[in-house]
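prediction below, plus the sequence it came from.
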Amino acid sequence: MDNFNNRTNKFINIIKSFEYYFKEEFDKCDIKKCGHCGGTGLKYKGCVDSYCEICGGMGYRGFKKLEGHFVCRNCNGGGCNLCNWNGVVDWIEHVTCKDISKKP
């Protein structure tokens, strides 16, 4: 399993644990299970080859209250197409390694 999948799985486990152990606090934030995939993150039930287009494979949506910024690892803050030329990415892009160029 590549680094992207490892980090994404850890992220999803944290959100699921937050929902399970701290239900009242979880309900106060805007994070909700994706209605399209039912929280699986998959495009189709049982199909692990494609991710839900609505939640990007996370299984959850609504992370607006948890946003934070990290320096883009691809350009070190200089600006590039992976960070929309801002030099920073939000914490979800950072944890899922979307700010790392997939060069061959």
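Thanks, I have the structure now.

per-residue pLDDT of Gly57, please?
Looking at Gly57, its pLDDT is 78.

likewise for Asn86?
83.

make sure it is indeed in a helix.
No: judged by DSSP: H, G, I helix; E, B strand; the rest coil, Asn86 forms no part of a helix; its state is coil.

show me what contacts it?
By CB atoms under 8 Å, 6 or more residues apart in numbering, the contact list for Asn86 reads Cys72, Gly79. In this view, the C-beta of every residue, glycine as well, is placed from N, C-alpha and C.

quick check: the gap between it and Phe11.
Using CB to CB, to the nearest Å, Asn86 is found at 22 Å from Phe11.

also Tyr20?
To Phe11, Tyr20 is 15 Å away according to CB to CB.

quick one, which of those two is more surrounded?
Looking at Tyr20 and Phe11 with other CB atoms under 10 Å, you find the greater number of neighbours at Phe11, namely 17 against 9.

which element is the more buried one on?
helix 3-21 (DSSP states H and E).

next helix or strand past that helix?
Next along from helix 3-21, by DSSP H and E: helix 23-28.

packing partners of that next one?
Other elements packing on helix 23-28 under the criterion 3 or more CB pairs under 8 Å, 6 or more residues apart in numbering; DSSP states H and E are helix 3-21.

ok, the most centrally placed residue in the chain to Phe26 distance?
Computing the C-alpha centroid of the chain and ranking residues by CA atoms, centre = their mean puts Ile92 first, at 4.3 Å. Remark: distance between Ile92 and Phe26 (CB to CB) = 17 Å.

Cys55 against Lys43, yeah?
No: at 10.4 Å, Cys55 does not count as touching Lys43 under the criterion of CB atoms under 8 Å.

so what sits against both of the two?
Cys37.

out of those two, which sits in the more crowded spot?
Per other CB under 10 Å, whichever of Cys55 and Lys43 has more neighbours is Cys55, with 21 against 16.

which residues sit in contact with the more buried one?
For Cys55, the contact set (CB under 8 Å, 6+ apart) comprises Cys34, His36, Cys37, Gly41, Arg61.

my read is that the second one contacts Gly57, right?
When you say that, I think you mean His36. No: proximity of His36 to Gly57 does not meet the contact threshold set by CB under 8 Å, at 11.3 Å.
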